[in-house]
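[1] Predicted model follows, preceded by the sequence.
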Amino acid sequence: MFEATQNVMLKPTDSWRETLLDHRVMDLFFTVHRKIREDSDMAQDSLQCLAQLASMHGPIFPDENAQVTYLAHLVEGLLNMINGIEIEDSEAVGISSIISNLISTFPRSVLTALPNELFASFINCLTLLTCSFGRSAALEEVLDKDDMVYMEAYDKLLESWLTLVQEDEHFPRGCFVQPAVQVFNSYIQCHLAAPDGTRNLTANGVASHEEEEINELQEDDRELFSDQLASIGMLGRIAADHCIPLLTGLLEDRVTRLHGQLQRHQQHLMATADPGTVDRKVLDDLYEDIHWLILVSGYLLADDPQGETPLIPSEVMEYSIKHSTEVDINTTLQLLGSPGEKATSIPGCNRTDSVIRLLSAVLRTSEVESRATRASLTGLLSPQMGKDIVWFLRRWAKTYLLVDEKLYGQISMPLSTAFGADTEGAQWIVGYLLEKVINNLSVWSSEPELANDTVELLVTLVEKRERANIVVQCENWWNLAKQFASRSPPLHMLSSSVQRTLMKALVLGGFAHMNSDTKQQYWAEVLHPLQQRFLNLINQENFAQICQEEAVKQEIVATLEALCGIAEATQIDNVASLFSFLMDFLSSCIGLMEVYRNSPETVNLIIEVFVEVAHKQICYLGETKSMKLYEVCLTLLQVYSKNNLGRKRLDVAGEEDQYQDLLLIMELLTNLLSKEFIDFSDTDEVFRGQEQSSGAGRAVSAADVVLYGVNIVLPLMSQDLLKFPSLCNQYYKLITFICEIFPEKIPQLPEELFKSLMCSLELGMTSMSSEISQLCLEALSPLAEQCAKTQEKDTPLFIATRHFLKLVFDMLVLQKHNTEMTVAAGEALYTLVCLHQAEYSELVETLLSNQRDAVIYQRLADAFNNLTASSTPPTMDRKQKVAFLKSLEEFVANVGGLLCVK
């Protein structure tokens, strides 16, 4: 009945207690595995059975003692199995699944109740396995294997460590420190070049084949291995006493060697003037070592700063506090402020704070890079190292810069003295980071990813008001703003997405604390030139003649990108001024839709401006402002529709980019709809003091705009177009939103549009991915509820819901589907049954009458009776619905698979 999801947990009822809690049953599975492990296919099946037994939970256990006894026997069996064998490749994933399941399933109290010796043996075995699988995973990478079994197994074990150490308060104090040291050391060793490490060494210790090919499409390591790095970073914190000094020592050593290498190359180049003769092998090894050391340091010192204010990890704070009595603050500050010096050349460097010294090692790397660019050695540098440095500095700055003491129970004196508010250290480092950003943007403008990471660091420096207040006091900041506003080189050579983010940063900086004259001067230098240049250009008498010239188009595109950046800078305290500024542009943008109607890239960019404004600002707008935005969006859609009327999209085989306009329009409509879910406005409270009168005539609502937009989109959405995943997802997200928010509008749609919508829902339910299918099922409940409200029979919507009843019924009873779908399908089925009770009874009768097997007939009949056991007919009542969904779960468990059509 269920599609095999990766890991289905075993939850048998108490009737299985006698069988499954009998130790001999588990022993039998271990014995079977020992006998058949040479056969890789059978071995995988037997390990799958053991993994299921490791996930057993629920009413089968009468009490905690039974769980402890069961788990102890399982762990003993596992240790006996592993200790007596040399693990085969085909067993790695299965064994890691057993361990992963038992750690995630059994409560901490059960794990800690294991006999001490057994628990210690288990942790020791887990440590050795993790290190061994890590080494094998590194070998798989060197040999570029297609089937990365050890990598998958290693990932599972690292996740298990993360689960354990995140709840380490339940375990004996310090019991994970030694294992953490071993796993951490092993990871570092696998990622460093010989002689310190084993990177790129094959099994016999020989360096691997030719230069690694860099795959342009491959994800960056920090994304590709983010889960691994998060686990290793966490283990590094558990053993901070060992790991922080280790990383610092390794990084300082590599940077000193890099500095020496670059100096030698510089002398060599001055002597030969032929860059082709430089041997890059040593340099490349150093860059790769530095790459991994910076990544691990970033994950150890800070968490991923998504969403809430990131805090300094408690283990790092405690480590810094513990050693603060041995620290000389002045020497620490001297070390921090001397990135141009070797740490070991500073007297008393061993009496400095280790957390700050690790940061200083990264700043030293950054300084070596900056000096090499000034010495015209950019060609010898690694853009990857440049990316790593600004990535680390951004992650670090979000967490440590201007550390807020109020957020911590206790604070480390070295950290608060170096980076706290109103400290010289904080001011120095803001200036240093700003200089780094400016240097990177001029040197690396041709490396889009590095430039992008660099402007993201700039955004981090100004997105928090306290940091921005320091930034805007730097002369460099004003120079950057003027340079960007005047479109002077090298900034105008940056890619459009980088220019957009740079604009966002400059706008955010403008809301820092300045006196009114300074602020006025700032906006005059940042936003005023943008407006002036744009207006001067489009108001020229001959604009229609010159608009297709390359220079003019570039100017228009640069302005549109800047507008997107301004919208992205929206926050609740600046929305009032930014909304007014952007609204002045939006009507001009609609005029440009006409001018550039045959230039798809420009049209897409114009729509994107509207998408960004709606996305970032709609949630803050009160009724009057929302209305203005709806009106301007409606005009945009009308112009788009007029320009695309009758346009046939024949070249379906073409790239998805050709349908970017449809994708953007759906995104715009979805953003406008989000107002119904997320609304921070307080009846235009943020716009106090600005005129509030609404336009005459009937107000335009979100529903008007969205349904008009759907009128445009639906006829253009063919089955071929739905083969593009991003288009398909956005389309179904939109129509589900519409059904949920405006169900009353659906029956009023024109006949053809209504039919298209219903066909789309059916197609999504029956022929698309489970994610899309789930969206369509979620759309059905509000439609059925709408029918129930109006109580009108024979309407097209009423007839359509009757058809959907059969589809959902068949899906739940006759077809394979995954467990997540049961809830969405169950909710839809319930509302449809309330609406069409007679038809539902008929479906059940027909199904039963087709059963020839008496046993199956009886099981099905009993199951259906239990499903709708309530004496009262089902109604749209929440309590009844919850009871139905619970019964449905049992129904699926009892008869699931009986009738599945394979």
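    Sure, I can see it.
[2] and the spatially closest residue to Met413 that is not a sequence neighbour, how many neighbours does it have?
    Counting by C-beta to C-beta, 6 or more residues apart in numbering, Ser324 is the residue found nearest to Met413 once chain neighbours are left out, at 5.3 Å. C-betas here are computed from N, CA, C, even on glycine. By other C-beta atoms under 10 Å, the residues close to Ser324 number 16.
[3] What distance do you get for the residue positioned nearest the centre of the chain to Arg395?
    In the chain, the centroid-proximal residue (C-alpha atoms, centre = their mean) is Gln306; its distance is 8.8 Å. According to C-beta to C-beta, to the nearest Å, Gln306 stands 11 Å off from Arg395.
[4] Likewise for Leu415?
    16 Å.
[5] same check, this time on Met148
    Applying C-beta to C-beta, the value for Met148 to Arg395 is 27 Å.
[6] The two: who's more crowded?
    Neighbours per residue, other C-beta under 10 Å: of Met148 and Arg395, the larger number sits with Arg395, 22 against 16.
[7] The more buried one contacts Ala302, doesn't it?
    Yes. Arg395 is within contact range of Ala302, at 4.9 Å (criterion: C-beta atoms under 8 Å).
[8] And the pLDDT for the residue nearest to Met413?
    If you check Ser324, the pLDDT there is 95.
[9] got it, and the one 4 residues further on?
    Turning to Asp328, the model gives it a pLDDT of 96.
[10] So it sits against Cys349, correct?
    No. Assessed by C-beta under 8 Å, Asp328 is found out of contact with Cys349, at 9.7 Å.
[11] Name the residue in the two with the higher neighbour count.
    Ranked by neighbour count (other C-beta under 10 Å), Asp328 and Cys349 place Cys349 first, with 19 against 16.
[12] Please report how far the residue nearest to that one when sequence neighbours are not counted lies from Ala468.
    Using C-beta to C-beta, 6+ apart and skipping residues adjacent in sequence, the residue nearest Cys349 is Ala343, 5.1 Å away. Look at Ala343 and Ala468: by C-beta to C-beta, they are 31 Å apart.
[13] do Ser770 as well
    In terms of C-beta to C-beta, Ser770 sits 45 Å off from Ala468.
[14] of those two, who's got more company?
    The neighbour comparison of Ser770 against Ala468 (other C-beta under 10 Å) goes to Ala468, with 22 against 14.
[15] Where does the prediction get shaky in this structure?
    Applying pLDDT under 70 to the chain picks out residues 1-8, 202-218, 273-278, 305, 307, 646-658, 677-699, 817-819, 869-873, 896-902.
[16] Looking at it, which helix is longest?
    helix 240-272 (DSSP state H).
[17] Only the buried residues of that helix, if you could.
    By neighbour count on 16 or more other C-beta atoms under 10 Å, the buried set for helix 240-272 is 240, 242-244, 246-248, 250-255, 257-259, 261-262, 265, 269.
[18] cool, and stretch 522-530?
    By 16+ other C-beta under 10 Å, the buried positions in stretch 522-530 come out as Tyr522, Glu525, Val526, Leu527, Leu530.
[19] so can I have JSON lines of these showing distance to Gly509 and secondary structure?
    Shown next, in JSON lines, are the buried residues of stretch 522-530 (distance: C-beta to C-beta, whole Å; DSSP: H, G, I helix; E, B strand; the rest coil):
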{"residue": "Tyr522", "distance to Gly509": "8", "secondary structure": "helix"}
{"residue": "Glu525", "distance to Gly509": "11", "secondary structure": "helix"}
{"residue": "Val526", "distance to Gly509": "8", "secondary structure": "helix"}
{"residue": "Leu527", "distance to Gly509": "12", "secondary structure": "coil"}
{"residue": "Leu530", "distance to Gly509": "15", "secondary structure": "helix"}
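[20] okay, these in TSV with distance to Lys816 next?
    Listed next are these as TSV, based on distance: C-beta to C-beta, whole Å:
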residue	distance to Lys816
Tyr522	62
Glu525	63
Val526	58
Leu527	57
Leu530	56
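[21] Looking at those, which one is closest to Thr365?
    Among the buried residues of stretch 522-530, Val526 lies closest to Thr365 (C-beta to C-beta), at 32.3 Å.
[22] measure that closest one to Ser486 for me?
    Separation of Val526 from Ser486 (C-beta to C-beta) stands at 11 Å.
[23] Output the contacting helices and strands for the longest helix of the chain.
    Judged by 3 or more C-beta pairs under 8 Å, 6 or more residues apart in numbering; DSSP states H and E, helix 240-272 is in contact with helix 177-191, helix 226-238, helix 281-301, helix 314-322, helix 354-374.
[24] can you rerun that using 6 Å?
    Secondary-structure packing of helix 240-272 (3 or more C-beta pairs under 6 Å, 6 or more residues apart in numbering; DSSP states H and E): helix 281-301, helix 354-374.
[25] For Ala558, which of these is the nearest?
    helix 354-374 (26.2 Å).
[26] got the buried residues for that closest one?
    Buried-residue list, helix 354-374, by 16+ other C-beta under 10 Å: 354-370, 372-373.
[27] again with stretch 559-574
    Those buried within stretch 559-574 under the rule 16+ other C-beta under 10 Å are 559-570, 574.
[28] mind saving the C-alpha coords of that stretch as CSV?
    The C-alpha coordinates for stretch 559-574 follow below in CSV (Å, rounded to 0.1, in the frame of the first residue of the first chain):
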residue,chain,number,x,y,z
THR,A,559,17.9,50.8,-13.1
LEU,A,560,15.5,47.8,-13.0
GLU,A,561,18.1,45.7,-11.1
ALA,A,562,18.6,48.6,-8.7
LEU,A,563,14.9,48.8,-8.1
CYS,A,564,14.8,45.1,-7.2
GLY,A,565,17.7,45.7,-4.7
ILE,A,566,15.8,48.7,-3.2
ALA,A,567,12.7,46.5,-2.7
GLU,A,568,14.8,43.7,-1.1
ALA,A,569,16.1,46.2,1.5
THR,A,570,12.5,46.7,2.9
GLN,A,571,12.1,46.4,6.6
ILE,A,572,9.2,47.5,8.8
ASP,A,573,10.9,50.7,9.8
ASN,A,574,11.8,51.8,6.2
